[in-house]
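Novice: Sequence plus the predicted model coming up.
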Amino acid sequence: MVGLAVWAGGFLVQAEIVNVAPEATPAANAPLWGGRSIWQLNNGATWDTFHGDTALPAGFAYFLDLGQPYSIHELRLYPRQDGCCPDRLSNLRVSVHQDDGAGAIGVEVWGADLFTDGSNPGSAPGTVVKVTLPSAQTGRWVQIKSLADPVPNDALQMTELEVMAEVPAAEVNRALGTVVTANQPLYGSFDPANLVDVNRTTLVHGSTAINPGFAYTIHLGVTVTFSRILVYPRQDGMVPERLTNYRVSIHRDHQGQIGDEVWKADLHTDGSNAGAEPGTREVLTAELDPQGQFKGQWIRILSLDDPVADYALQIADVKAFGVPEGAATLLISKQPADATAGLGQIATFAVLATVAGGDSALLTYQWQENGVNIRDATNATYTTPPVVLEDAGKKYRCVLSYPGSASLPSDEARLRINLAYQALAYANQPIYGGWSIGQIVNGARGDIVHGAAILSPGFRYEVNLGAPFKLDEIDIFPRQDGCCPDRFSNVRVSVHNDSNGQIGDAVWSVDLFTDGSNAGSGPGVVVKLTADLDPTGKFEGPWVRLAALADPVPDYALQMSELEVYGRLVETPPLRLSISREAGAVVFTWQAGNLESAARVEGPWSPVTDARSPWSVAPTGGARFYRLRGQ
């Protein structure tokens, strides 16, 4: 967003350059592949791929009706972002058009041909084609047209179109990227920030068993004199009745908290709804509350139902257009979250911030590790090097800066090391469908594993962590897609000693869901186990077991997606490891205190832990954990 001033009707008017595409109406002159929607052209989802179908006609094109003429400075085309098929966006023309006097596309006022030599922009994450006009051109329509004849199958493969144009300050969305909260739980892993991300494919709604008074609050950071507020219901045609009988209100600020209500509008109090088709939106203007003040720093969206229906306040996006007052304000709309990584993996931390009443392009970032600046970590995200045990518990935050404002540090987020990642896992009976028991320790929470049919009593999984750990927590992720939660029930989880490389005596255990209940199976569902569940046990050891207690064992028992284990290595003497090669074998020799041992192993081997220095042989203090696995 860039600020500028323009002359209109003899007056100097403050204007800004922003993306005006989200409010436009898209169209295509031929079908898209796989039933994709042309609304994907401008829905804000830069990861959401679409393209033409097969047997496309000459002149295949996308159109975007901006609704009114704008002074356009730049077009931004987002290709596919996952590395696939970059050749499908090639040999095309982008152009700006007037309307024909009746609202349809008219004469071209500017255009440019792109990739006519058969090249393409690629399709890597973050790829964007910025087409800057030599001078601003006024038009209502934007066209993207294939120049090929015949048009190849799957042509014009994209994820998003942005149109950067001048608009009066009153027509800028001040809700974008601001701070959103919900006062009761949302369904699954929904994030309140989805309300203000301009992505109409994301949505939020409440969970079940919601109490009266369920509401979202949006903190804009500055006082805004509004021109209009838009509320977008779900956009895929589904369950429109989940947005009904609700209030939108505007509030003053009170020492950084929501203050007095100054304006309100009650919508669909008769049980009706606006629908849920692409482009559906509720438009709120000052006239809906003539006695109110259409100006404030907070917006609240409140369910008026009592009782509140399950999954209420289903909304895809909220926009608030208007003119801000006062100095620019730094806002962190999404704080960095704790991150989990297995040994040798990387972890990524992210912060989402905006400048209310200012230019977010001038915002700068500096990430810190345990309070110390990280060199070259100056983006909105930070990715660690491959992690080792010593990284567990490190804290990361981002310090945000803006000209003329005090720096704003984010909350600290913690790095957690999953000790079960790529550990040795076993099942004592067949797993369903050829699945591998290793899927419960591969770091993929979207996987599914369960036993086969006709299981014998005593069915169990066992995981060897490779060394004794003092455990802080065991996390069990049931199936995450909502299906069949009853398949993880009546289970014992136990921690065991080692017995000459095999699972030994149990030293801690807990029985779960012995009454036939279960944890559920929705997104983000996790069963967290801590030492206090067995106060007399020893929450320490190298083995973890999950065992079905039922007799007979039901088909498909122990259904889950992932086991994660957190803790710290039990103190041992410093370890010295040396490695030598002999014909057809690798010899490992290690010494701990006065003990020395060696092993001769046939076949190729490779270290998979401690990716920063995988062949380090002389740790200087404490113990370093190595996990060696045959190929």
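Specialist: Perfect, thanks for sending it.
Novice: Break down the stretch 301-450 of the chain into its strands, ranges please.
Specialist: Counting by DSSP state E, counting those that start in this stretch, one finds strands in the stretch 301-450 of the chain at the ranges 315-324, 329-334, 339-342, 348-350, 352-356, 364-369, 372-373, 381-383, 395-401, 408-409, 413-418, 424-427.
Novice: Can you give the contact residues for the fourth one?
Specialist: Right, strand 348-350. The contact list for strand 348-350, computed with CB atoms under 8 Å, 6 or more residues apart in numbering, reads 334, 336-337, 339, 367, 380-384, 396, 398, 413. Placement of C-beta: from N, CA and C, glycine included.
Novice: Name the residues of that strand that come out as buried.
Specialist: Going by neighbour count (16 or more other CB atoms under 10 Å), the buried part of strand 348-350 is 349-350.
Novice: what pairs with it, and is each one parallel or antiparallel?
Specialist: strand 381-383 (antiparallel) (DSSP bridges).
Novice: What's the mean pLDDT across the strand it pairs with?
Specialist: For strand 381-383, the mean pLDDT works out to 90.
Novice: For it, what is the distance to the chain centroid?
Specialist: 14 Å (CA atoms, centre = their mean, to the nearest Å).
Novice: Buried residues in that strand, which are they?
Specialist: Along strand 381-383, these residues count as buried under the neighbour rule (16+ other CB under 10 Å): residue 382.
Novice: ok, residues contacting it?
Specialist: Outside strand 381-383, the residues touching it (CB under 8 Å, 6+ apart) are 346-351, 367, 374, 396, 398.
Novice: if we can go back for a sec, pull out the buried members of the contacts of strand 348-350.
Specialist: Judged by 16+ other CB under 10 Å, buried ones among those: 334, 336, 339, 367, 382, 384, 396, 398, 413.
Novice: on that earlier part again, want to throw the strands of the stretch 301-450 of the chain into JSON lines with distance to residue 182?
Specialist: Shown next, in JSON lines, are those (distance: least, CB to CB, whole Å):
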{"stretch": "strand 315-324", "distance to residue 182": "11"}
{"stretch": "strand 329-334", "distance to residue 182": "13"}
{"stretch": "strand 339-342", "distance to residue 182": "23"}
{"stretch": "strand 348-350", "distance to residue 182": "20"}
{"stretch": "strand 352-356", "distance to residue 182": "16"}
{"stretch": "strand 364-369", "distance to residue 182": "27"}
{"stretch": "strand 372-373", "distance to residue 182": "34"}
{"stretch": "strand 381-383", "distance to residue 182": "24"}
{"stretch": "strand 395-401", "distance to residue 182": "24"}
{"stretch": "strand 408-409", "distance to residue 182": "23"}
{"stretch": "strand 413-418", "distance to residue 182": "21"}
{"stretch": "strand 424-427", "distance to residue 182": "38"}
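Novice: Nearest to residue 68 among those would be which one?
Specialist: Smallest distance to residue 68 across the strands of the stretch 301-450 of the chain (CB to CB): 13.8 Å, for strand 315-324.
Novice: Show me the two of the buried ones among the contacts of strand 348-350 that sit farthest apart.
Specialist: Checking the buried ones among the contacts of strand 348-350 with CB to CB, the most distant pair is 334 and 384, at 19.1 Å.
Novice: returning to that earlier point: which stretch among the strands of the stretch 301-450 of the chain comes nearest residue 526?
Specialist: Across these, closest to residue 526 is strand 339-342 (CB to CB), at 11.0 Å.
Novice: Check which residues of that closest one are buried.
Specialist: In strand 339-342, counting by 16+ other CB under 10 Å, buried: 339-342.
Novice: Across the sheet, point out what pairs with residue 449.
Specialist: On the basis of DSSP bridges, residue 449 is bridged to residue 560.
Novice: Quick check, it in contact with residue 440.
Specialist: Yes. Residue 449 is within contact range of residue 440, at 5.4 Å (criterion: CB atoms under 8 Å).
Novice: The two: who's more crowded?
Specialist: More crowded of residue 449 and residue 440, by other CB atoms under 10 Å: residue 440, with 27 against 24.
Novice: Can you check the pLDDT for the more buried one?
Specialist: Taking residue 440 on its own, its pLDDT is 97.
Novice: what helix or strand does the closest residue to it other than its chain neighbours sit in?
Specialist: Closest residue to residue 440 apart from its sequence neighbours, by CB to CB, 6 or more residues apart in numbering: residue 563 at 4.9 Å. Assigned by DSSP states H and E, residue 563 belongs to strand 562-569.
Novice: list the buried ones in that strand?
Specialist: Buried, per 16+ other CB under 10 Å, within strand 562-569: 562-567, 569.
Novice: swap in stretch 358-378?
Specialist: The neighbour-count check on stretch 358-378 (16+ other CB under 10 Å) flags 358, 360, 363, 365-369, 377 as buried.
Novice: which residues does residue 479 contact?
Specialist: 448, 485, 487-488, 521, 559-561.
Novice: Of these, grab the buried ones for PyMOL.
Specialist: Buried residues within these, by 16+ other CB under 10 Å, are selected in PyMOL with:
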select buried, resi 448+485+487+488+521+559+560+561
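Novice: Tell me the predicted confidence for residue 404.
Specialist: pLDDT, read off for residue 404, is 88.
Novice: So what does it look like in phi/psi?
Specialist: Taking degrees, to the nearest 10, you get phi 90, psi 0 for the backbone angles of residue 404.
Novice: Correct me if wrong: it contacts residue 330.
Specialist: No. Using CB under 8 Å, residue 404 is not in contact with residue 330; the gap is 10.4 Å.
Novice: and those two? which has more neighbours close in?
Specialist: residue 330 (19 against 8).
Novice: any idea how far residue 251 is from that one?
Specialist: Distance of residue 330 to residue 251, given as CB to CB, to the nearest Å: 21 Å.
Novice: ok, now which ones touch the closest residue to residue 211 other than its chain neighbours?
Specialist: Using CB to CB, 6+ apart and skipping residues adjacent in sequence, the residue nearest residue 211 is residue 184, 6.4 Å away. Applying CB under 8 Å, 6+ apart, one finds that residue 184 lies in contact with 206-207, 210-211, 214.
Novice: most neighbours, which of those?
Specialist: In terms of neighbours by other CB under 10 Å, these top out with residue 206 at 26 neighbours.
Novice: list the contacts for that residue?
Specialist: 182, 184-187, 214, 303, 308, 310-313.
Novice: Farthest pair within those residues?
Specialist: Distance extremes for the contacts of residue 206: the farthest pair is 182 and 310 at 14.9 Å, using CB to CB.
Novice: Looking only at neighbour counts, state which of the two leads.
Specialist: Neighbour count, other CB under 10 Å: between residue 182 and residue 310, residue 182 has more, with 20 against 13.
Novice: Which residues does that one form beta bridges with?
Specialist: Applying DSSP bridges, one finds that residue 182 bridges with residue 216.
Novice: Over to residue 506?
Specialist: Taking DSSP bridges as the rule, residue 506 bridges to residue 496.
Novice: Could you double-check that it sits in contact with residue 495?
Specialist: Yes. Counting by CB under 8 Å, residue 506 does reach residue 495; the two are 7.1 Å apart.
Novice: what residues are shared contacts of those two?
Specialist: Joint contacts of residue 506 and residue 495 (CB under 8 Å, 6+ apart) are residue 545.
Novice: which of the two has more neighbours?
Specialist: More crowded of residue 506 and residue 495, by other CB under 10 Å: residue 495, with 26 against 17.
Novice: OK, contacts around the more buried one?
Specialist: Applying CB under 8 Å, 6+ apart, one finds that residue 495 lies in contact with 471, 474, 506-509, 537-541, 543-545.
Novice: Check what pLDDT it gets.
Specialist: Per-residue confidence (pLDDT) for residue 495: 98.
Novice: Quick one: neighbours of residue 194, just the number.
Specialist: 19.
Novice: any chance of the contacts of residue 479 in CSV, with distance to residue 199 and pLDDT too?
Specialist: Formatted as CSV, these follow (distance: CB to CB, whole Å; pLDDT from 0 to 100):
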residue, distance to residue 199, pLDDT
448, 28, 94
485, 30, 95
487, 34, 97
488, 33, 97
521, 26, 90
559, 32, 97
560, 31, 96
561, 26, 96
